[in-house]
Structure formats: C-alpha cells, structure tokens
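> How does the following fold in three dimensions:
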Amino acid sequence: MRTVRADWAGTVLVCRKCSKKLDGGFGPKGKTPLAKALRRFLALGKGRKSSLGVVEVKCLGICPKNAVTVVDGARPAEWMLIDRGMPLDEVAAALARAPH
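Model prediction:
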C-alpha cells in the first residue's frame with residue numbers, strides 16, 4: 001500500500017443529491033451548491049493542498065426538505081441539516097465548533 005500526503009486538518013462531507021435537489025441555494029445569488037460556496041467562503045486551496053477537505057458524496061440517506069445533509073468528520077455522530085440560503089458564516093461557525 002502507498003499513501004499520499006494531504007494538508008487537510010479535517011473533512012466535511014456534503015450530500016450531492018441534496019445539493020442537486022436545491023439547484024444551488026447558497027452564495028450571494030443563491031445559485032451555488034453548498035460545497036462550492038463553502039470552499040469559496042473559507043478561501044480553501046484546491047484538492048489535497050487545501051486546509052480543509054470539503055467533499056461531495058453520494059446520497060447520505062436523510063433527504064431533508066429545503067436543506068443539505070452535511071457530516072463533519074470531526075463529529076461523525078452529529079449530522080447537520082443546512083437550510084437553503086443559510087448564511088455561509090453560520091455554516092462555517094457550526095463547522096468550527098469541532099476541533100480540526
């Protein structure tokens with residue numbers, strides 16, 4: 001087995017199916033998917049060189065109405081339901097509560 005180094009201090013999993021159902025829902029115009037909007041808001045680098053991994057995954061099986069399911073890798077027992085249009089500073093604050 002080989003390994004590849006990454007600069008990630010933590011990982012955030014964002015449900016791709018929830019994001020697709022909302023057809024965006026975040027960012028200044030409300031048309032950006034949560035994962036992309038969060039990466040921009042936090043000014044994260046690209047890929048493995050980023051300080052935090054924001055990864056879109058297949059359906060997580062919760063399927064909330066008008067929200068996106070998010071799992072913070074530091075708190076896998078607490079899944080978050082991020083409502084459409086929630087300010088990104090509030091989303092970042094919720095993620096920051098966990099030690100990364």
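> Leaving out sequence neighbours, find the closest residue to P33.
Leaving aside its chain neighbours, P33 sits nearest to S19 (4.3 Å; criterion: C-beta to C-beta, 6 or more residues apart in numbering). C-beta: built from backbone N, CA, C; applies to glycine.
> Distance of that neighbour relative to A43?
Using C-beta to C-beta, to the nearest Å, we find S19 at a distance of 20 Å from A43.
> Of the two, which one has the most company?
Neighbour tally, S19 and A43, criterion other C-beta atoms under 10 Å: the higher count belongs to S19, 22 against 8.
> Return the residues in contact with the more buried one.
Contacts for S19 (C-beta atoms under 8 Å, 6 or more residues apart in numbering) come out as G25, P33, L34, A35, E56, V68.
> List the residues that contact the fourth one.
Taking C-beta under 8 Å, 6+ apart as the criterion, A35 is in contact with V14, R16, S19, V54, V55, E56.
> Got phi/psi on it?
phi -60, psi -50 (degrees, to the nearest 10).
> Spatially nearest residue to it (excluding sequence neighbours)?
Using C-beta to C-beta, 6+ apart, the closest residue to A35 is V14 (4.3 Å).
> How about the last one?
For V68, ignoring the flanking residues on the chain, the nearest one in space by C-beta to C-beta, 6+ apart is C18 at 4.1 Å.
> Averaged pLDDT, the host helix or strand of that neighbour. What do you get?
Taking DSSP states H and E as the criterion, C18 maps to helix 16-22. The average pLDDT within helix 16-22 is 95.
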